[in-house]
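>>> fold the stuff below for me.
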Amino acid sequence: MLFNVSHSHESLWLLAVFRGAFSAFYYPAFTANFVTARAHRKTGLQIGWLNAITLFLGGVAPAVGGFLANNLGLKWVYVVVVIVIIIANIPLLLGSENLKHTTISFRKIPWHASKDFLANGLYNVSGFVETVIWPLAISLFVASYGLIGVLSSVMVLATIAISLYVGKREDTVGEGPYLRGGVTTNAVANMGKLFASTPLGVIGVNFVSGTSDALLANSFASRYYKNADTEQMLEYTFGMEVTHAIVWSIYFGLLTILAAWFTLKVVLLIGIFLAIPSVFSVRMIKL
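Alright, predicted model coming up:
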């Protein structure tokens with residue numbers, strides 16, 4: 001659908017439907033599965049490894065994608081992505097399934113945990129900036145796909161090392177110090193994004209962003225899963241994921257409206273600026 005979007009604008013709507021279906025099916029199920037299957041005394045360490053693997057692949061991907069786009073054309077990026085997704089799904093089809101019928105009761109949604117829900121929604125504004133807004137902003141002053149990819153991958157090694165360290169330490173000292181540090185670092189990184197205008201500036205901002213991602217992703221996810229243990233798990237997860245979707249919709253809708261009045265550069269800068277105050281809401285999650 002992404003490949004076809006330049007030829008058929010109707011596919012934008014289908015793309016939104018399929019992306020929404022993916023989020024609805026995958027994330028609540030993954031979270032519920034991880035909450036129940038994890039080793040509870042080593043939650044931080046497990047999340048550290050999980051994030052390290054994700055960060056590594058997410059960091060390498062822009063460089064590989066940039067190389068493919070520069071040398072073979074953008075369409076081959078989509079071809080490779082589809083192949084990788086198919087390969088990644090193979091393990092899900094192997095082995096026995098331990099199916100258990102579960103239902104969500106909307107009356108059991110723990111509304112007393114609404115601060116957790118809001119924290120999760122606003123925290124993910126920063127994720128949207130990192131994965132969508134910031135790469136678009138870079139593309140306005142860096143012309144090469146390959147260079148954009150390399151610049152986006154700079155933060156990987158430092159981020160992985162910090163992620164593993166934080167994950168191990170959280171199991172003994174708790175998430176609080178790393179959550180607070182991640183919030184501050186994230187705000188600094190987003191302020192840096194507002195002024196970065198050279199490749200060297202992008203490298204510096206990406207390094208700070210990588211540090212922030214490692215601190216926040218570990219500490220917030222650990223607290224999310226631990227809080228789910230003490231609530232109606234499926235209903236708590238449902239509340240967290242729905243709030244995430246609602247906040248993203250409001251945020252992206254606002255940027256879409258602004259795009260009718262301002263240039264793309266101004267809209268992107270506003271999007272980055274909004275992430276600065278929103279990240280401080282992360283500290284609302286119950287520790």
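>>> T102: neighbour count?
9 (other CB atoms under 10 Å). The C-beta positions use only the backbone N, C-alpha and C, and glycine is treated the same way.
>>> for it, which three-state class applies?
coil (DSSP: H, G, I helix; E, B strand; the rest coil).
>>> quick one: contacts for it?
Contacts for T102 (CB atoms under 8 Å, 6 or more residues apart in numbering) come out as 32, 234.
>>> against F25, how distant is it?
As judged by CB to CB, to the nearest Å, T102 and F25 stand 14 Å apart.
>>> over to G210?
30 Å.
>>> which one's more surrounded, these two?
G210 (26 against 10).
>>> ok now do K226, which residues does it touch?
T43.
>>> confidence score at it?
For K226, the pLDDT comes out at 81.
>>> and G210, by the same measure?
Reported pLDDT for G210: 77.
>>> residues of the helix or strand hosting it that come out buried?
Assigned by DSSP states H and E, G210 falls within helix 199-229. For helix 199-229, the neighbour count (16 or more other CB atoms under 10 Å) marks 199, 202, 205-228 as buried.
>>> quick one, strands of the stretch 51-200 of the chain?
Assigned by DSSP state E, counting those that start in this stretch, the stretch 51-200 of the chain shows no strands.
>>> where do the helices of it begin and end?
Secondary structure of the stretch 51-200 of the chain (DSSP state H, counting those that start in this stretch): helices at 74-93, 114-128, 134-139, 145-153, 156-173, 176-195, 199-229.
>>> state the mean pLDDT of the fourth one.
For helix 145-153, mean pLDDT rounds to 61.
>>> same check, this time on the first one
Mean pLDDT, helix 74-93: 83.
>>> and the residue positioned nearest the centre of the chain, how far from T185?
Central residue of the chain (CA atoms, centre = their mean): G127, 4.2 Å from the mean position. According to CB to CB, G127 stands 15 Å off from T185.
>>> same check on T198?
21 Å.
>>> ok, D116 next?
22 Å.
>>> with R19 instead?
From R19 to T185 the distance is 29 Å (CB to CB).
>>> repeat that for E241.
The gap separating E241 from T185 is 25 Å, by CB to CB.
>>> can you check Y178 too?
10 Å.
>>> of the two, which one has the most company?
Using other CB under 10 Å, the more surrounded residue of Y178 and T185 is Y178, with 25 against 20.
>>> so that one makes contact with N218?
Yes: proximity of Y178 to N218 meets the contact threshold set by CB atoms under 8 Å, at 6.6 Å.
>>> next, the buried residues of stretch 42-62.
Quick answer for stretch 42-62 (16+ other CB under 10 Å): 43-48, 50-52, 55-56, 58-59, 61-62.
>>> wait, which of those residues is closest to Y78?
Nearest to Y78 out of the buried residues of stretch 42-62 is A61 (CB to CB; 12.9 Å).
>>> which residues of the stretch 51-200 of the chain score low on pLDDT?
For the stretch 51-200 of the chain, applying pLDDT under 70 flags the ranges 58-59, 95-100, 141-158, 167-168, 170-171.
>>> let's see that with 90 instead.
Within the stretch 51-200 of the chain, the stretches with pLDDT under 90 are 51-114, 120-186, 189-190, 192-200.
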